[in-house]
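1. Structural data only, the sequence is not supplied:
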């Protein structure tokens, strides 16, 4: 469940970045991959988004998939592939936002980005019985050895990673908004 919410958040980030760089997108005839906003978002994904997701997938794979299957048995290379898919998700949603903005539909960008974030939060809230505890799939299914998210080391790390992601995403938006 958290994995799906992370992908929705990356999509919302891409839409938000396109909304913040709407002046450039409307004024520039360049293709979307060559715009400043697209390149800045790609750098953000390479330096913050993908490493954060990869760390969570490698350290807490069962928690990331909501204990739906024993993710620790999967090859670690698959974790790299999944983490690498977050960037195309964000960049694809940036391209969608650019298309909407160039088609004179800025509300579509806001509604799609807000909808993706709202869906991510609703998904986490609906699956709180799985997301709110930390352990392995065997522990979760057996009902032993799991601990609340807030009392675990993962809880504090999630706060730090969330803060890092929010600050860097805010800086990205601020930079794109101020661009000439």
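-> Arrived safely, thanks for sending. These figures come from a predicted structure and were not determined experimentally.
2. Can you name the residues that contact residue 167?
-> Going by CB atoms under 8 Å, 6 or more residues apart in numbering, residue 167 touches no other residue. Glycine gets a C-beta too; all of them are placed from N, C-alpha and C.
3. what helix or strand is it on?
-> Assigned by DSSP states H and E, residue 167 falls within helix 153-178.
4. for residue 8, same thing?
-> Applying DSSP H and E as the criterion places residue 8 in helix 2-20.
5. ok now that helix, how far from the chain's centre?
-> Its chain's C-alpha centre and that of helix 2-20 lie 5 Å apart, by CA atoms, centre = their mean, to the nearest Å.
6. which helices and strands sit right next to that helix?
-> When contacts are defined as 3 or more CB pairs under 8 Å, 6 or more residues apart in numbering; DSSP states H and E, helix 2-20 packs onto helix 36-44, helix 50-59, helix 61-64, helix 86-102, helix 106-126, helix 153-178.
7. Would you mind listing the buried residues in the second one?
-> Same thing as helix 50-59. 50, 52-54, 56-57 (16 or more other CB atoms under 10 Å).
8. and if you look at the fifth one?
-> If you call a residue buried by 16+ other CB under 10 Å, then helix 106-126 has these buried ones: 108-109, 112-113, 116-117, 119-120, 123-124.
9. Please consider this matter closed, and thank you.
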